[in-house]
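Visitor: Quick one: sequence plus predicted model below, questions after.
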Amino acid sequence: MTHSANIRQKISLLLFFATLGLNSQVYEKSIVLHGDTITFPITLINGYPFVSATVNGTAGKFMFDTGFGTSVMLNDDFIQLPLKKPKGNGVVGSGQSFRTNMNDNISEITFSNGISYKKLTSIISGNYGFIQNVLTPDFLGFIGYDFFKEYIFKIDYLHHKITFYKNAGETRISGDILKNEKILAVLTFEIRNRPNIPIVKFKIKGVDVMGVFDTGQNGSLQLDTESAQMLTQENIVTKSGIDSNGDTLLNITNIEICDKLTITLKGIEYAELNSTKVARRELGISEPNLMSIGYRFLAQHKTVWDYAQKKIYILEY
């Protein structure tokens, strides 16, 4: 090998290892975000955002679910966790119950963007076969609020990515986060029982509705009898079909998100009051009309979620 070729090889190796250093960050003990700006590619499956990863060498996908409070919850119907210890029982917002277990021996969780967590303890798992069977056979579990709670995030379904920004107040929002973005509306939300669930008030053709933002939802609408009768008679809410699970789907017009933004949503699931009781109790919502705002809305609008300032920025794709 010539001297110049040897130098070129050394430079190439240095660049290679420098790139590894930039893209691979390893953390231990707890699974929370670190760093200033972090982007995760997402895959959409039936409207739900998933992040690819491996857990103890098992490859699969985590659902990015803002409705989950903990940083991570594993699916032990898919991941082999022989040392798990029984913890209790749980129930998801849609009503399904599951068993929970505690794990103190998760050796590694590595995401597709190179971020890796090792020697994790106190990681909860559950038997989420009912989600695995419906959405994706390689369902690893959930990523939730505690993973990113010190961050602002921008979720972009069109370009299949979530970007997290270390919270630095209003100056950062008006700077790089919203740079070159067209802002359609800014919503101020409230938090009731759950710090991870933004709740907003809006109207459908003048009818008051409580809206719950949640990436782990397709989108659903539950109305009291009087409101449902009025909105269906005026063809504001119309039935559009039945989905693969047998749920009635609705098209909804004249959704007045705020003074500046009125939208139409299609394919929203019809919900009866009984099916919302668990969510209502958990969230502290007693108002008669409730809508979950998920994929059907997020597929139309890029959004920025700022929990510290209790604001959601609705952006144009």
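Guide: Structure's in. What do you need? Numbering: from 1, shown residues only.

Visitor: So which residues of the protein form helices?
Guide: Taking DSSP state H as the criterion, the chain contains helices spanning 3-23, 129-132, 145-148, 170-172, 225-233, 277-283, 295-298.

Visitor: domain parsing for this structure?
Guide: Taking automatic domain parsing as the domain assignment, the ranges for the chain are 3-148, 182-315.

Visitor: re earlier: go through the helices of the chain and find the least confident stretch.
Guide: Among those, helix 3-23 has the lowest mean pLDDT, at a mean of 44.

Visitor: For burial, what's the neighbour tally of the closest residue to residue 170 other than its chain neighbours?
Guide: Residue nearest to residue 170 in three dimensions, not counting chain neighbours: residue 309, with 7.1 Å by CB to CB, 6 or more residues apart in numbering. For the C-beta atoms, the positions are set from N, CA and C on the backbone; glycine is no exception. Residue 309 has 14 neighbouring residues, counting by other CB atoms under 10 Å.

Visitor: hang on, isn't residue 309 packed against residue 174?
Guide: No: applying CB atoms under 8 Å as the test, residue 309 and residue 174 come out as separate, 11.5 Å apart.

Visitor: Check the gap between the residue nearest to residue 272 when sequence neighbours are not counted and residue 273 for me.
Guide: Among residues not flanking residue 272 along the chain, residue 222 sits closest, at 6.6 Å (CB to CB, 6+ apart). Going from residue 222 to residue 273 by CB to CB, to the nearest Å gives 6 Å.

Visitor: out of those two, which sits in the busier spot?
Guide: Counted by other CB under 10 Å, residue 222 and residue 273 do not tie: residue 222 has more neighbours, with 23 against 13.

Visitor: just to revisit the earlier point, tell me if I'm right that the residue nearest to residue 272 and residue 290 touch.
Guide: Yes: counting by CB under 8 Å, residue 222 sits close enough to residue 290 to count as a contact (4.8 Å).

Visitor: okay, and the common contacts of these two?
Guide: Residues touching both residue 222 and residue 290 (CB atoms under 8 Å, 6 or more residues apart in numbering): 271, 276.

Visitor: Counting neighbours, what do you get for the nearest residue to residue 261 once chain neighbours are set aside?
Guide: Nearest residue to residue 261, sequence neighbours excluded (CB to CB, 6+ apart): residue 185, at 4.2 Å. As a burial measure, residue 185 scores 15 neighbours (other CB under 10 Å).

Visitor: Can you tell me how far residue 185 is from residue 316?
Guide: Distance of residue 185 to residue 316, given as CB to CB: 10 Å.

Visitor: do residue 35 as well
Guide: Residue 35 sits 28 Å away from residue 316, going by CB to CB.

Visitor: With residue 296 instead?
Guide: With the distance defined as CB to CB, residue 296 ends up 17 Å from residue 316.

Visitor: again with residue 226
Guide: Using CB to CB, residue 226 is found at 35 Å from residue 316.

Visitor: What of residue 277?
Guide: Applying CB to CB, the value for residue 277 to residue 316 is 36 Å.

Visitor: next one: residue 229
Guide: Computed as CB to CB, the residue 229 to residue 316 distance reads 35 Å.

Visitor: Please apply the same query to residue 127.
Guide: Applying CB to CB, the value for residue 127 to residue 316 is 41 Å.

Visitor: Looking at the two, which has the bigger crowd around it?
Guide: Remark: of residue 127 and residue 316, residue 127 carries more neighbours, 16 against 10, as counted by other CB under 10 Å.

Visitor: Surely that one and residue 98 touch.
Guide: Yes: counting by CB under 8 Å, residue 127 touches residue 98, with 5.3 Å between them.

Visitor: which ones are touching residue 307?
Guide: Residue 307 makes contact with 149, 152, 195, 196, 198 under the criterion CB under 8 Å, 6+ apart.

Visitor: Please indicate which of those residues are buried?
Guide: Neighbour-count burial (16 or more other CB atoms under 10 Å) is assigned, among the contacts of residue 307, to 149, 152, 196, 198.

Visitor: hmm, which two among those residues are most spread apart?
Guide: Farthest pair in the buried ones among the contacts of residue 307 (CB to CB) is 152 and 196. Separation: 14.0 Å.

Visitor: Quickly name whichever of the contacts of residue 307 is closest to residue 64.
Guide: Residue 64 lies nearest to residue 196 out of those, by CB to CB, at 12.1 Å.

Visitor: What pLDDT does the model give the closest one?
Guide: pLDDT, read off for residue 196, is 98.

Visitor: Give me the neighbour count for the spatially closest residue to it that is not a sequence neighbour.
Guide: Spatial nearest neighbour of residue 196, chain neighbours left out: residue 145 (3.4 Å); criterion: CB to CB, 6+ apart. By other CB under 10 Å, the residues close to residue 145 number 18.

Visitor: Sweet, I'm off.
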